[in-house]
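Novice: from the sequence below, what's the structure:
(2 chains)
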Amino acid sequence: GENVEQHPSTLSVQEGDSAVIKCTYSDSASNYFPWYKQELGKGPQLIIDIRSNVGEKKDQRIAVTLNKTAKHFSLHITETQPEDSAVYFCAALYSSASKIIFGSGTRLSIRP
Amino acid sequence: NAGVTQTPKFQVLKTGQSMTLQCAQDMNHNSMYWYRQDPGMGLRLIYYSASEGTTDKGEVPNGYNVSRLNKREFSLRLESAAPSQTSVYFCASSGNGAAGETQYFGPGTRLLVL
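Specialist: Residues are numbered from 1 along each chain as shown, chains lettered A, B, ... in the order given. Prediction:
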């Protein structure tokens, strides 16, 4: 069925280090993979997305990679800063129903 | 431009009570969505409306009803609240519902059912 698995559920990194969050999806027809950041007490906000016609996309300190063969994609945050502390959700568009399915989230904490 | 707004921010209900969660967007978006967020389970789609006048079930529609009142407003109704409906509810909207569009989320409504 439609499923997006996300790991790890919690992640703590030293300020300045890199953080990586990984997701896998089940629908081989999925072609759109957004990442959302949710700060405490707020709604999720899109930070980056990738479509299936590219393998990598970067935006300043954030990058996303996609491996369609293995059906997994990852979020990479470099030079982490305190403001990166939040919950991050990956998602995949299931084209059969035009619905976005979210992963279970990763709580990222940046240690000073 | 307020984006997506939700009311109320917080609500406590007793089992069996009813209530309506309100959502409005000022971005002239065609599509609107209701999600619930539970610990460890991410965001799950309850109902969505691809355009004014249409609504469709998502992953977890049981116990809920929706109304797309006009292009701006999309309400979620709990007819007889149950403790299992304790959650944080998010409304979202997107441009025209095309595949791969950014969804914009509201600040959420925190609901506690006793």
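Novice: only C-alpha atoms for contact and neighbour calcs from this point on.
Specialist: Fine.
Novice: tell me the pLDDT of the residue nearest to B:Gln6 when sequence neighbours are not counted.
Specialist: Excluding its sequence neighbours, the residue lying closest to B:Gln6 (C-alpha to C-alpha, 6 or more residues apart in numbering or on different chains) is B:Cys23, at 4.6 Å. pLDDT, B:Cys23: 97.
Novice: so B:Cys23, which of the three states?
Specialist: Secondary structure, DSSP: H, G, I helix; E, B strand; the rest coil: B:Cys23 is strand.
Novice: what of B:Thr15?
Specialist: B:Thr15 ends up coil, using three-state DSSP.
Novice: who are the packing partners of the one helix or strand B:Arg36 maps to?
Specialist: Here B:Arg36, judged by DSSP states H and E, is contained in strand B:31-37. Under the contact criterion of 3 or more C-alpha pairs under 8 Å, 6 or more residues apart in numbering or on different chains; DSSP states H and E, strand B:31-37 touches strand B:43-49, strand B:74-78, strand B:87-94.
Novice: immediately after the longest one, which helix or strand?
Specialist: On the C-terminal side of strand B:87-94, the closest following helix or strand by DSSP H and E is strand B:104-105.
Novice: direction included, what does that next one pair against?
Specialist: strand B:87-94 (antiparallel) (DSSP bridges).
Novice: okay, now the unreliable bits of chain B?
Specialist: Within chain B, the stretches with pLDDT under 70 are B:96-100.
Novice: and the residue of it closest to chain A?
Specialist: B:Gly42 (3.8 Å; C-alpha to the nearest C-alpha).
Novice: now that residue, nearest residue through space, not along the chain?
Specialist: In space, and not counting its chain neighbours, B:Gly42 is closest to A:Ser104: 3.8 Å by C-alpha to C-alpha, 6+ apart.
Novice: try A:Gly105
Specialist: Computed as C-alpha to C-alpha, 6+ apart, the closest residue to A:Gly105 that is not its neighbour in sequence is A:Phe89, at 4.6 Å.
Novice: close to chain B: what parts of chain A are there?
Specialist: Proximity of chain A to chain B, by C-alpha under 8 Å from any C-alpha of the partner chain, involves residues A:9, A:31-33, A:41-46, A:89, A:93, A:95, A:98, A:101-105.
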